[in-house]
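> after the sequence you'll find the predicted model.
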Amino acid sequence: NSGNSGNSGNSGNSGNRNNSDSIGTKTGDSEKGRVHSPSGSTAAKIGAGLASGCVGAAVGSPLELLKVRMQSGAGDAAGYRSMSTPRALVHIARVEGVRALWNGAGASMLRAALLTAAQLATYDAAKSAASALLDAPRESLRATVAAAMAAGIVTTTVTAPADVIKTRMMRAAPRDPAAASIVRCAAELISSGGGPRALMRGWLPNYARLGPQSFIALLVYDWLRALAGWRQL
């Protein structure tokens, strides 16, 4: 009995050690996963970018519409500029209907989704390419700067058509056929004499805004991930 008791004690100790080791391993794995958070696949980055861009643009579309109208100088721009933001939004809803606050929302969501997805996906791929071309580590400043610059150029090019269409739809007068759909608006812009190049209007000033924004945002994002002990993109 004493021997059995001893064996039971040994078995219990062994079981405790195994449980402890198992818990330690799980805890270690969890801690490792937390500290060295994986950046995820390119497909996951694109999907996350599309989703976050769409949601953000849908929520902010009325304010984007008001901004476009106040900056365009067309229609009631002067009147909008003399109003407070809440009053201007109420004015549009009362005169044109509540749905008018979301004129161009589809194009705005498309632009935001393309922007976020293109930024992250291009940055990820360009970092690997820059690392190989420059013969530098992926996390080096040279590779990071080159990738951020490439992401700014690609993002501006990819979002330019949606940006032009969004602005045209948001500036449209009530019951303007061009505001009916993205396809119809794009067809009108192309057939108005500019051809497909009409969809790329304003590329340079757009890059002057998006280029530095992409560059700074991506570098700061990577820096914050490194500061948190996570792996960079």
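Structure received.

> after the strand or helix carrying R184, next one along is what?
Assigned by DSSP states H and E, R184 belongs to helix 182-189. For helix 182-189, the succeeding helix or strand toward the C-terminus, using DSSP H and E, is helix 203-227.

> show me what that next one is packed against.
Secondary-structure packing of helix 203-227 (3 or more C-beta pairs under 8 Å, 6 or more residues apart in numbering; DSSP states H and E): helix 105-134, helix 141-171. To be clear about C-beta, it is placed using only N, CA and C from the backbone, and glycine gets the same treatment.

> including mean pLDDT, mean neighbour count and distance to A93, could those go into a markdown table?
Below are those laid out as a markdown table (pLDDT from 0 to 100; neighbours: other C-beta atoms under 10 Å; distance: least, C-beta to C-beta, whole Å):
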| stretch | mean pLDDT | mean neighbour count | distance to A93 |
| --- | --- | --- | --- |
| helix 105-134 | 89 | 21 | 14 |
| helix 141-171 | 91 | 21 | 15 |
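
> got the ones you listed as CSV, with distance to L65 columns?
Listed next are these as CSV, based on distance: least, C-beta to C-beta, whole Å:
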stretch, distance to L65
helix 105-134, 8
helix 141-171, 5
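
> quick one, which of these is nearest to S191?
With C-beta to C-beta as the criterion, S191 lies closest to helix 141-171 of these, at 12.9 Å.

> so where's the protein shaky on pLDDT?
The chain contains residues with pLDDT under 70 at 1-40, 42, 73-78, 233.

> now do the residue most central in space within it against M83, distance only.
By C-alpha atoms, centre = their mean, the chain has its centre lying nearest to T116, at 2.4 Å. Distance of T116 to M83, given as C-beta to C-beta, to the nearest Å: 31 Å.
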